[in-house]
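Trainee: could you look at this predicted model? Sequence included:
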Amino acid sequence: MTKLLYIQASPRGENSKSGQVADTYLAALTAANPGIEVDTLSVWDIDLPVFDGDKVAAKINVMTGQDHNSVQRTAWDQIAEIANRFISADRYLFSVPMWNSGVPYRLKPYIDVIHQPGLL
Ligand SMILES: Cc1cc2nc3c(=O)[nH]c(=O)nc-3n(C[C@H](O)[C@H](O)[C@H](O)COP(=O)(O)O)c2cc1C
C-alpha cells in the first residue's frame, strides 16, 4: 500500500485556501487510487521539540561518528520519532501558504527536526 503524508502548514483549518486546494487534489488522487493511505499532519498540532544545543550536539555526533551521552540519546530519540513518521511515507503533499515572502514559521522547525544524517 502506498502511504501519502499530507503536511499542512496553514493554521487556518477548514478556512485555509492552500488546504482547500490540496484537499481537492487529494480527493481526486484517492478516487483514482483507492489504495492510498493518507496520514495528515498539521505542523501546528504536532509537539515539536526545540532544536536546541542538545539536538545540535546529537546531530553533530552522528555526523562525526561519535557516541551520544544520555541527554543526547534522549534528544536523538525525540528527533527520530518525528523523522520516522516522515520517512515512512512514499509520497508527500504539502499545503503551504506564503507568509511574508516565505513559509509559515512552524514549517521551518519541522524541517530542521526531520532533516537528519542517517535518517532522512
Ligand atoms: C502572516 C501572513 C503573511 C502573509 N504574507 C504574504 C506574502 O508575503 N505574500 C502574499 O502574496 N500573501 C501573503 N499572505 C496571504 C496568504 O498567503 C494568503 O492569505 C493565503 O491564502 C493564506 O493561505 P491559507 O488560506 O492556506 O492560510 C500572508 C498571510 C499571512 C496570514
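Mentor: Cool, got the structure. As the structure is a prediction and not an experimental result, all values here were calculated from the model. Numbering: from 1, shown residues only.

Trainee: give me the three-state assignment for the residue in the chain positioned nearest to the ligand.
Mentor: Evaluated by CB to the nearest ligand atom, the chain has residue 97 as its residue closest to the ligand, separated by 2.9 Å. Glycine gets a C-beta too; all of them are placed from N, C-alpha and C. With DSSP: H, G, I helix; E, B strand; the rest coil as the basis, residue 97 sits in coil.

Trainee: wait, what's in contact with it?
Mentor: 9, 10, 16, 17, 18, 103, 104 (CB atoms under 8 Å, 6 or more residues apart in numbering).

Trainee: mind doing that once more with 6 Å?
Mentor: When contacts are counted by CB atoms under 6 Å, 6 or more residues apart in numbering, residue 97 touches 10, 18.

Trainee: ok, it to residue 68 distance?
Mentor: 37 Å (CB to CB, to the nearest Å).

Trainee: ok, residue 113 next?
Mentor: Taken as CB to CB, the span from residue 113 to residue 68 is 16 Å.

Trainee: who has more neighbours, those two?
Mentor: residue 113 (22 against 16; other CB atoms under 10 Å).

Trainee: quick one: average confidence on the one helix or strand that one maps to?
Mentor: Using DSSP states H and E, residue 113 falls within helix 107-114. Taken as a whole, helix 107-114 has a mean pLDDT of 96.

Trainee: would you mind naming what in this protein lies close to the ligand?
Mentor: 10, 12, 16, 17, 18, 19, 97, 98, 99, 100, 101 (CB under 6 Å from any ligand atom).
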